[in-house]
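Sequence first, predicted model second:
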Amino acid sequence: VVRLIVTVTPNPALDVTYRVAALVPGTVHRVAGVVVRAGGKGVNVARVLHQLGENCAVLGLGGGHGGARVTEELRAGGIEVELVDTFSEVRRTLVVHGTDGVTTSLWEPGPAPADPGQAGEALTGAVRNRLPSASVVTVSGSLPAGVDADLPARIAATCLDAGVPVVLDLDGDPLRVAAESGGAVLMPNSDELEALTGERPVTPADAAALARELVRPGLPGRRPAAAVVATLGADGLVAVSPAGAVHARVARHVDGNATGAGDAACAAVARCIGAAGAVTSVRLHELAARAAAVSAASVVRPVAGEIDLSAYRRYLPHILVEDL
Ligand SMILES: Nc1ncnc2c1ncn2[C@@H]1O[C@H](COP(=O)(O)OP(=O)(O)OP(=O)(O)O)[C@@H](O)[C@H]1O
Ligand SMILES: [Mg+2]
């Protein structure tokens, strides 16, 4: 059986980018170029995995022309897709790039599913059906309006019950609920870690201390996470599990667009865990080094969901990894 990495995107999007000379409110603009692309964090994770040669499947909620377009585009790129027909339309994110260097973004709220509870059940069921051939499952990004914050935690529990490891890249209430249910690998950035713990990590050692609390057994009302990979932007990341804590970063400065760097890190973490078969079998140094190299290699690419493969291979031998 070919093992798949399943990436779950509860709230996918069509990312629309307009190019104009300069955006001036209150005036008419001739749009010089339009790019429409399938988006959403789990879609980005799958694109990076596909570039790394992994078999993956994108699961999520969808519907309408937008959902069909997302499905068609990813399939044309060789990625398996299954979107549960939920919405009249998927949300769009509109980015207006001025050639003057100013970028303006307009995020649509996206429609609420007619029956959010049923949509959540259907997505959980679609994930469950994939588990016999899944090596690891990721759940990323926001939830559609009206969907309960515990959906990612419920999907995670379904996977963990079947012995399939889970990586969660969430924010806000869905992250809080998932952290309380435990068992998964959490991938907060600094802001998300602060929102979750109430403390702002300033140094990698701070982030490791907060992460250690999340993997520590015996906390009342909370099961420990299997591991935490806290991403710290240009400072790299810390990976913490009951086996230890390491900090990894690229040795030199990387310039570019960090949007989607967290998704690239998530792809690398999922790939390591999928290959090892279980979180407890992963070598923390290797996981951290690969995640730092893959995510830095996404920064040099202008769009989210893409890495520069040759940059990845160049960075990997030179990642600085230290025990904390
Ligand atoms: N300027 C940079 N130089 C090198 N590596 C970077 C840089 N910015 C980000 N990274 C890498 O990317 C990882 C993820 O970045 P970041 O912490 O910004 O994630 P994020 O806020 O979740 O991003 P997103 O949600 O947009 O995907 C970092 O842990 C780091 O390894
Ligand atoms: Mg992120």
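The structure has been received and is ready for your questions. Ligands and ions are numbered 1, 2, ... in the order given.

which residue does the stretch 51-200 of the chain bring closest to ligand 2?
Ligand 2 sits closest to Asn189 of the stretch 51-200 of the chain, with a gap of 4.9 Å, by C-beta to the ion. Bear in mind the C-beta positions are built from the backbone N, C-alpha and C, glycine included.

For Val139, list the residues it contacts.
When contacts are counted by C-beta atoms under 8 Å, 6 or more residues apart in numbering, Val139 touches 8, 10, 42, 152, 155-156, 166-170.

does the residue of the stretch 51-200 of the chain closest to ligand 2 really touch Gly262, like I thought?
Yes - counting by C-beta atoms under 8 Å, Asn189 touches Gly262, with 5.8 Å between them.

any residues in contact with both of those two?
Contacts common to Asn189 and Gly262, judged by C-beta under 8 Å, 6+ apart, are Thr231.

More neighbours: those two, which one.
Taking neighbours as other C-beta atoms under 10 Å, Asn189 and Gly262 compare with Gly262 leading, 25 against 20.

and whatever residue of the stretch 201-324 of the chain ends up closest to ligand 2, what is it in contact with?
Closest to ligand 2 within the stretch 201-324 of the chain is Gly262: 2.9 Å, counting by C-beta to the ion. By C-beta under 8 Å, 6+ apart, Gly262 lies in contact with 41, 169, 187, 189, 231, 295.

Quickly find the element holding it.
Using DSSP states H and E, the element containing Gly262 is helix 261-276.

Give the buried residues for that helix.
261-274, 276 (16 or more other C-beta atoms under 10 Å).

Out of these, which is nearest to ligand 1?
Taking C-beta to the nearest ligand atom as the measure, Gly262 is the one of the buried residues of helix 261-276 closest to ligand 1, at 2.2 Å.

Now do Ala21, the pLDDT please.
On pLDDT, Ala21 comes in at 95.

And Leu316, how far from Val299?
Leu316 sits 15 Å away from Val299, going by C-beta to C-beta, to the nearest Å.

Give me the more crowded residue out of the two.
Val299 (22 against 16).

Please tell me how far the more buried one sits from ligand 1.
According to C-beta to the nearest ligand atom, to the nearest Å, Val299 and ligand 1 sit 5 Å apart.

which one is that residue nearest to, not counting chain neighbours?
Gly256 (4.2 Å; C-beta to C-beta, 6 or more residues apart in numbering).

thought that neighbour was touching Pro302?
Yes - between Gly256 and Pro302 there is a contact under C-beta under 8 Å: 7.2 Å.

residue contacts, the residue nearest to Val299?
Counting by C-beta under 8 Å, 6+ apart, Gly256 touches 299-302.
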